[in-house]
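>>> Here is my input, please return the structure:
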Amino acid sequence: MQIDCSLLSRVVLAGALVALVACDQDTTGPRGELSAPSFRRQQATGAGRHLLLARGSLSGDFRERVEALGGTIERRHDEIGVVKLSGLTEDAAQNLIARSDVEGVFPDVSLQMAPDVLSTPLTGASESDPTQAKFYDLQWHLPTIDADDAWESSNRGAGALVCILDSGADTDHPDLDGRVDLDKSTSFVTGEDLEDFLNHGTLVAAIVSSNGIKVASVAPEATLCIVKVMDVLGGVDFSNLIAGILHAANVGADIINMSLGGHVTSKGSESGAIHALQLAINYANSKGTLLVAAAGNNGLNLDRDRNDMRHIPSQLPHVLSVGATTRENELWINSNYGRTGLDLVAPGEYVVSACDFMHSSSGACYGHGTSFATPQAAGAAAVVFSELGHNTEGSQLGHCVTVGATRLSSNGRDPYFGKGLVNVLGAAACRRPN
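From the prediction side, this is the model:
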């Protein structure tokens with residue numbers, strides 16, 4: 001497939017159009033760290049947002065004490081002992097730490113999403129393919145991961161629920177209309193409904209499952225739920241991500257897709273927020289949910305010590321981390337990598353999927369980034385679920401997606417490709433261990 005570079009015109013970073021993309025950049029393989037990683041992170045300030053970790057059950061006077069200190073309980077997650085608080089000064093937060101039922105109080109952390117490249121796809125796509133999806137001929141990633149072959153020999157994700165934790169989605173898009181369980185969908189971003197202002201979650205969701213009108217998908221019979229955790233500026237608060245993971249697990253998600261992430265230091269005050277997030281991940285894992293996350297778009301070797309920085313959530317336990325490859329099955333130039341950084345890879349350049357009509361009159365876009373590789377792994381897991389049945393644990397889904405991958409290296413766990421390239425047909429052939 002030839003791509004007209006004149007169409008590749010926008011980079012979305014925090015919801016703003018900020019740069020042109022050079023189409024002649026080297027994409028021939030892995031290389032060293034970029035001099036200017038494309039992410040930002042910051043601790044929440046001003047509003048005094050905090051995450052509190054409880055020690056056992058909170059005492060009956062907990063709410064009164066928080067309010068006396070000028071704070072408000074915004075959310076309580078008693079299943080993991082985490083509370084989101086707002087309005088507290090640091091002195092007030094320290095006052096709460098003195099309580100016997102409180103393990104710690106930490107500032108909420110806000111991640112700024114690393115940029116993904118979005119643009120309008122080429123026009124003139126044929127409708128000759130049996131899928132009847134208008135832009136299927138441009139969706140090179142689907143035959144690359146054997147998704148098309150899996151359509152013919154599998155249940156295509158039927159019965160699987162995949163929750164997309166992202167910027168929302170255009171649920172009225174013809175490819176998503178009827179594919180989303182609205183009763184299980186919600187927004188944790190204050191003042192925002194499910195509308196996708198960034199046109200990120202829409203693209204991600206339709207890679208997993210679509211109606212095949214504009215674009216085809218990996219698991220066209222899977223059901224989606226949309227959980228908005230990313231705001232209009234591309235920010236993701238840990239408190240919202242935690243709430244999103246718990247919500248998805250509690251509504252019965254079989255797979256959670258997190259095409260988001262950023263670097264956070266694993267020491268100091270931010271370690272508490274990481275610990276709270278890990279509790280949510282552990283909870284979802286215990287409910288049998290597979291969590292899949294993007295490895296990140298910083299071109300970094302995540303095995304290297306970067307002043308105790310970790311890419312979150314992809315480097316946390318119980319998370320399947322996905323890097324991005326090119327059309328030549330080489331590592332995409334901006335994909336993070338490393339033996340501790342990714343578990344497997346999927347196509348991550350010129351990935352065509354559904355697009356909010358406000359962003360593209362054609363209703364379809366193509367994008368670059370690990371964000372768009374990740375839902376291919378999630379879709380493969382949905383296909384596995386439809387093959388193995390409703391009692392399949394997330395760990396088994398992750399195992400099948402990993403062992404079914406196409407090896408791109410002779411190494412057992414290659415630093416650039418992990419266990420290999422997602423292969424939907426191979427994953428669907430996985431059977432339960434005896």
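>>> Listing request: residues of this structure with sub-threshold pLDDT.
Low-confidence regions of the chain, defined by pLDDT under 70, span residues 1-47, 114-131, 305-307, 412, 432-434.
>>> what domains does the record give for it?
The domain map for the chain lists 5-27+114-428, 45-107, with the assignment taken from automatic domain parsing.
>>> need those in TSV with mean neighbour count, can you?
For glycine as for every other residue, the C-beta is placed from the backbone atoms N, C-alpha and C. What follows is these, written out as TSV (neighbours: other C-beta atoms under 10 Å):
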stretch	mean neighbour count
domain 5-27+114-428	22
domain 45-107	17
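>>> Run through the residues that contact V189.
Contact analysis of V189 by C-beta atoms under 8 Å, 6 or more residues apart in numbering lists 228-232, 240.
>>> Can you report phi and psi for the spatially most central residue of the chain?
Computing the C-alpha centroid of the chain and ranking residues by C-alpha atoms, centre = their mean puts M258 first, at 1.6 Å. Main-chain dihedrals, M258, degrees, to the nearest 10: phi -120, psi 90.
>>> and the gap between it and V66?
Per C-beta to C-beta, to the nearest Å, M258 is found 30 Å from V66.
>>> swap in H399?
H399 sits 43 Å away from V66, taking C-beta to C-beta as the criterion.
>>> Please enumerate the helices of this structure.
The residue ranges that make up the helices of the chain, judged by DSSP state H, are 62-68, 90-97, 141-144, 147-153, 201-208, 238-250, 270-286, 370-388, 394-403, 424-428.
>>> The shortest one packs against which elements?
It refers to helix 141-144. In this structure, helix 141-144 packs against helix 147-153, strand 344-347, with contacts taken as 3 or more C-beta pairs under 8 Å, 6 or more residues apart in numbering; DSSP states H and E.
>>> May I have the distance across stretch 66-85, first residue to last?
This stretch, stretch 66-85, spans 8 Å end to end (C-alpha to C-alpha, to the nearest Å).
>>> what's it in contact with?
Stretch 66-85 is touched from outside by 48-56, 58, 63, 86-89, 92-93, 95-96, 103, 105, 108, 239, 242-243, 246, 276, 279-280, 282-283, with contacts defined as C-beta under 8 Å, 6+ apart.
>>> try stretch 237-246
Residues outside stretch 237-246 that contact it (C-beta under 8 Å, 6+ apart): 44, 49, 51, 74-75, 77, 79-80, 82, 84, 108-111, 163, 165, 188-189, 227-229, 256, 258, 260, 273, 276-277, 279-281, 283-284, 291, 313.
>>> Those residues in strands, which ones?
When strands are assigned by DSSP state E, the members of those inside them are 51, 74-75, 77, 82, 84, 109-111, 163, 165, 227-228, 256, 258, 291.
>>> Of those, which is the nearest to G367?
M258 (16.3 Å; C-beta to C-beta).
>>> Excluding chain neighbours, what is closest to the closest one?
Using C-beta to C-beta, 6 or more residues apart in numbering and skipping the chain neighbours, the partner closest in space to M258 is A293 (4.2 Å).
>>> Out of the contacts of V189, flag the one nearest to F385.
Among these, V229 lies closest to F385 (C-beta to C-beta), at 22.8 Å.
>>> you'd agree L111 is up against G262?
Yes: in this structure, L111 is within contact of G262 by C-beta atoms under 8 Å, at 3.6 Å.
>>> now the nearest residue to A219 once chain neighbours are set aside: how far from A293?
With C-beta to C-beta, 6+ apart as the measure, G157 is the residue that lies nearest to A219, at 2.8 Å, once sequence neighbours are left out. G157 sits 19 Å away from A293 when distances are taken as C-beta to C-beta.
>>> From W151, how far out is P143?
When distance is defined by C-beta to C-beta, P143 is 11 Å away from W151.
>>> Spell out which residues sit in contact with H247, please.
Listed by C-beta under 8 Å, 6+ apart, the contact set of H247 reads 163, 186, 188, 227.
>>> dump the residue contacts of the closest residue to G159 other than its chain neighbours.
Closest residue to G159 in three dimensions, ignoring its sequence neighbours and counting by C-beta to C-beta, 6+ apart: S386, at 5.3 Å. Taking C-beta under 8 Å, 6+ apart, we find S386 in contact with 154-160, 219, 221-222.
>>> so, if you compare those residues, which one comes nearest to E393?
Relative to E393, the closest of the contacts of S386 is A160; by C-beta to C-beta it sits at 13.2 Å.
>>> isn't that closest one right up against A222?
Yes: in terms of C-beta under 8 Å, A160 counts as a neighbour of A222; the distance is 4.5 Å.
>>> Can you pull the residues that touch both of those two?
With the criterion set as C-beta under 8 Å, 6+ apart, the overlap between the contacts of A160 and A222 is 382-383, 386.
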